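1. Have a look; sequence and predicted model below, questions after that.
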Amino acid sequence: MHFNPSQNLNTIAKFLNAEYDGKPDFAITGINEIHRVEKGDITFVDHPKYYDKALKSKATTVIINKKVARPNGKALIYSDDPFRDFVKIIKKFRSFESSSKNISDSAVIGEGTIIQPGAFIGNNVKIGKNCLIHANVSIYDHSVIGDNVIIHSNTVIGSDAFYYKRRTDYLDKLESGGSAIIENNVEIGACCTIDRGVTHNTLIKSGTKMDNQIHIGHDTVIGKNCLFAAQVGISGCVTIEDDVILWGQVGVQKDLTIGKAAVVLGQSGIAKSLKGGVTYFGSPVQEAKQKMKEIALLKDLPKIIKKI
Amino acid sequence: MHFNPSQNLNTIAKFLNAEYDGKPDFAITGINEIHRVEKGDITFVDHPKYYDKALKSKATTVIINKKVARPNGKALIYSDDPFRDFVKIIKKFRSFESSSKNISDSAVIGEGTIIQPGAFIGNNVKIGKNCLIHANVSIYDHSVIGDNVIIHSNTVIGSDAFYYKRRTDYLDKLESGGSAIIENNVEIGACCTIDRGVTHNTLIKSGTKMDNQIHIGHDTVIGKNCLFAAQVGISGCVTIEDDVILWGQVGVQKDLTIGKAAVVLGQSGIAKSLKGGVTYFGSPVQEAKQKMKEIALLKDLPKIIKKI
Amino acid sequence: MHFNPSQNLNTIAKFLNAEYDGKPDFAITGINEIHRVEKGDITFVDHPKYYDKALKSKATTVIINKKVARPNGKALIYSDDPFRDFVKIIKKFRSFESSSKNISDSAVIGEGTIIQPGAFIGNNVKIGKNCLIHANVSIYDHSVIGDNVIIHSNTVIGSDAFYYKRRTDYLDKLESGGSAIIENNVEIGACCTIDRGVTHNTLIKSGTKMDNQIHIGHDTVIGKNCLFAAQVGISGCVTIEDDVILWGQVGVQKDLTIGKAAVVLGQSGIAKSLKGGVTYFGSPVQEAKQKMKEIALLKDLPKIIKKI
């Protein structure tokens, strides 16, 4: 999420009522959770295990709960609760605004686009040309949709990321400040859910086609011309390259990459990155050929044991 | 489901045109299906296999299709078709009422609560303070929602239980008379479905957070501060204790208990009760460590067999 | 999909600007994709692997990309791109029409049927008597619904088939011209999706009951009095016979048949046709007894190996 206008170290630290280390006018141009940081970003870290990762990341300002040496070219903000302060910034720059009608006045809708009855188009949503948004679709604020996109009924675009910090006696929500972006010529089936990014964007690239009841988590990036069958579920911060085919009910864990043109057979469960151009099967997933051998062996096992 | 006002043996038996055994003014204060009976309840039993369970249950009035000895302190109603008569009572005391507008006049909505466009709020629904009900959510009659609850778009709260009796040539529906109750600080993702209880309540306790496309069956009770990832499916009459984590696409069969702080990895299938504080994996589920050993063994098996 | 009025070889070929082999007035009464062809239909074939199947099918007119010998009693239309021309015909005879209100003027709704707020009923939809269509249901154009049908909130009936042809650099959509047909006494849970047929019909026969979040693909035929638990996913062109029970999260691949009264346990994955009257389990599915033995053997395997 970019700040508009850009902020600086002093204004942000003052807003948080926090001490800092760095030049007061050090630029903070955006805010991002550690998985998707860029130069100019402010991020946060609150666990010693991740201090190093955060301090060496592309983020140039880090909210941290320990007084550490400031890395070259970076700034630090000290906080007893970096998570709380990070959420505070998101809320300030992107607070939820309620809507009083089905299509917000601030929504921009391209020529030739059809919006069917009951569809909800939130604040600052942009929809391109010649799209078809079917009945009872819900598009949250700040979502961006390209040209020639078809979204089937009762699908939800841009709902909040599923991201909580476990406190002693409750689950603390990381507010979502990111967006969902759907590029040209994408088709999304009925009753799908595409969450927005926590701070960055969830992105569905051009030409990808999704069947019904598919879930795409926050900050996930889906390549071009992918094909996902019904009831596929993809967690947050996943990268799926172009031309990937996922068959029905496949599940994908967070923070991994599926390589170009990989094919994953139905009901497979993916917990590690997969290289492209290969067909996979199983939960946990293996190369399909290998898995098929395993299945055959298991069937023959009683005979093999008898023999031995 | 409680009767308001309270009923008695004579009025109910008369309504069913049925014989009974007990004092005419014996109190019947509510109606419940056998899994969730309380003192004062009327329940039903129509299969010899379950006579004993019903007669020894907490229910104090039993509709039964055999003339059995009346247990002490209880009443019996005789019926050639207890299921039919049970449904008849539910329909009398909680018949479906249609709605002519998006937010029923009988709905009570707390201060600070935002209802987004297209959301449907049925008859006698209660929603607490400072909730956020997103666009195109559907909340059925009699649902009760606490304070600070967030429900994302196109989620359905309080739809009918999936409960049928197989007759010779059709499936006979057990009408739902129960409710769905969502406590304070719960967040429910997009396109989720929380069925109401058949006669009792489906209950989501405070602080629990659910991702998108999650299904919760009738009369299920979910503890506090649980965390369910996307596409989890939980059957009816399940008890899930506090702090349980279910990862994506986990399936849970009916009538079982998952103990406090259990963690179940993605795509697992649970057919038996699980004790708390342990991590599980697989379909059917095992302790994750055990399952991982099994998976490793299966991979090594060709080598092991060759050796032997 | 039937043409009304009926067409002939000359009018269709002229519309496509294509050469043909057959009598100009040869009747073309409908259009169907190869899986569901009938006499009088026009279909298409564009891969040598399937030429024979198409030419020997019940379809009496075939759009084909090679000059082959015309079978007796049939007609051929020659095209450099049969897929493109097939889509062109569907679009001409069943183009999408937008709706300006929640219930189309061309929809026919039977006596005693209740339509709850926010439900969308498209053009030319027919709904029978005494149905209950809950809030925020979306019913696409041309869907047909019988009597005494209950459809729960946020379910989608008649959305487009998921069917694409992979071109060099994009996925080309087979436009849907078929319908979704729901017979009498069917109940469909919340957040389900029933796609319409590509050219034929998706059909749910009388008395079948579905739980929530179930997906039914295009051109699939579901028998009478079936019972599907939550989150079941069924692909396109599947035939499920009467009285079949599918438990939660079962996945069914395309183009297969499940026999009468088969029972499939939760999370099973079905990739081949199954005969009726048997209980199945596993992914890939086996007879449940066999699968249970396999699971038990796998648990005992470390001991067995030690012994040996």
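-> Nice, thanks for sending it over. These numbers were taken from a predicted model, which means no experiment stands behind them.
2. residues from the stretch 201-308 of chain A in reach of chain C?
-> A:207, A:209, A:211-213, A:225, A:227, A:229-231, A:248-249, A:266-267, A:283, A:295, A:298-299, A:301-302, A:305, A:308 (CB under 8 Å from any CB of the partner chain). C-betas here are computed from N, CA, C, even on glycine.
3. Quick one: the helices in chain A, in order.
-> Using DSSP state H, the helices of chain A run over A:9-16, A:48-55, A:82-93, A:288-307.
4. Show the pLDDT at A:I305.
-> Looking at A:I305, its pLDDT stands at 86.
5. burial count for the closest residue to it other than its chain neighbours?
-> For A:I305, ignoring the flanking residues on the chain, the nearest one in space by CB to CB, 6 or more residues apart in numbering or on different chains is C:I304 at 6.2 Å. Per other CB atoms under 10 Å in any protein chain shown, the neighbour tally for C:I304 reads 12.
6. can you check A:N17 too?
-> When neighbours are counted by other CB under 10 Å, A:N17 comes out with 9.
7. do the same with A:K126
-> Neighbours of A:K126 (other CB under 10 Å): 17.
8. Show me what A:Y164 is bridged to.
-> For A:Y164, the beta-bridge partners under DSSP bridges are A:K173.
9. quick one, what contacts it?
-> The contact partners of A:Y164, by CB atoms under 8 Å, 6 or more residues apart in numbering or on different chains, come to A:L171, A:D172, A:K173, A:L174, B:K209, B:L227.
10. One more pass at 10 Å, please.
-> A:Y170, A:L171, A:D172, A:K173, A:L174, B:E187, B:G207, B:K209, B:N225, B:L227 (CB atoms under 10 Å, 6 or more residues apart in numbering or on different chains).
11. I would like a ChimeraX command selecting only the buried ones among the residues of the stretch 201-308 of chain A next to chain C, please.
-> Selecting the buried subset of those in ChimeraX, with 16 or more other CB atoms under 10 Å in any protein chain shown as the burial test, is done by:
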select /A:207,209,211,212,213,225,227,229,230,231,248,249,266,267,283,295,298,301,305
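12. Compute the inter-axis angle for the longest strand anywhere in chain A and helix A:9-16.
-> Determined from DSSP state E, the single longest strand within chain A is strand A:2-8. Here strand A:2-8 runs at 100 degrees with respect to helix A:9-16, directions being taken by axes from the mean of the first three to the mean of the last three CA atoms, to 10 degrees.
13. per-residue confidence for the residue nearest to the spatial centre of chain A?
-> Centroid-nearest residue in chain A: A:D219, 1.7 Å away (criterion: CA atoms, centre = their mean). If you check A:D219, the pLDDT there is 96.
14. Quick check: chain neighbours aside, which residue is closest to it?
-> Of all residues not flanking A:D219 in the chain, A:G197 sits nearest, at 4.2 Å (CB to CB, 6+ apart).
15. per-domain residue ranges of chain A.
-> Following automatic domain parsing, chain A resolves into domains at A:2-93, A:108-289.
16. Among those domains, show me which one is buried the most.
-> domain A:108-289 (a mean of 23; mean count of other CB atoms under 10 Å in any protein chain shown).
17. What residue, apart from its backbone neighbours, is nearest A:A229 spatially?
-> Using CB to CB, 6+ apart and skipping the chain neighbours, the partner closest in space to A:A229 is A:G248 (4.1 Å).
18. how much space between the one you found and A:C131?
-> 26 Å (CB to CB, to the nearest Å).
19. picking up where we left off before, now the helices of chain A in TSV, please, with extra columns for distance to B:S6.
-> As requested, the helices of chain A are exported to TSV (distance: least, CB to CB, whole Å):
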stretch	distance to B:S6
helix A:9-16	57
helix A:48-55	59
helix A:82-93	49
helix A:288-307	59
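20. among the ones you listed, which is nearest A:E111?
-> Judged by CB to CB, the one of the helices of chain A that comes nearest to A:E111 is helix A:82-93, at 31.6 Å.
21. from memory A:S6 sits against A:F26, does it?
-> No - checked against CB atoms under 10 Å, the pair A:S6 and A:F26 is beyond contact range at 11.1 Å.
22. got any residues that touch both of these two?
-> The overlap between the contact sets of A:S6 and A:F26 (CB under 10 Å, 6+ apart) consists of A:G40.
23. C:I121 versus whichever residue of the stretch 1-150 of chain A sits closest to chain C, what's the distance?
-> Closest residue of the stretch 1-150 of chain A to chain C, CB to the nearest CB: A:A135 (3.6 Å). As judged by CB to CB, A:A135 and C:I121 stand 9 Å apart.
24. shared neighbours of those two, which are they?
-> Common neighbours of A:A135 and C:I121 (CB under 10 Å, 6+ apart) are A:P117, C:S99, C:N102, C:V137, C:S138, C:I139, C:Y140.
25. show me what contacts the fifth one?
-> Under the criterion of CB under 10 Å, 6+ apart, the neighbours of C:S138 are A:116-119, A:134-137, A:152-154, A:190-191, B:136, C:102, C:118-122, C:151, C:154-159, C:193.
26. so who does the closest residue to it other than its chain neighbours touch?
-> Closest residue to C:S138 apart from its sequence neighbours, by CB to CB, 6+ apart: A:S153 at 3.5 Å. Contacts for A:S153 were tallied using CB under 10 Å, 6+ apart; they are A:116, A:118-119, A:133-137, A:189-191, A:212, B:136, B:154, C:120, C:122, C:136-140, C:154-159, C:193.
27. And A:L265, by the same measure?
-> So A:L265 contacts A:245-248, A:250, A:279-282, A:285, A:288, A:291-292, C:253, C:269, C:271, C:283-284 (CB under 10 Å, 6+ apart).
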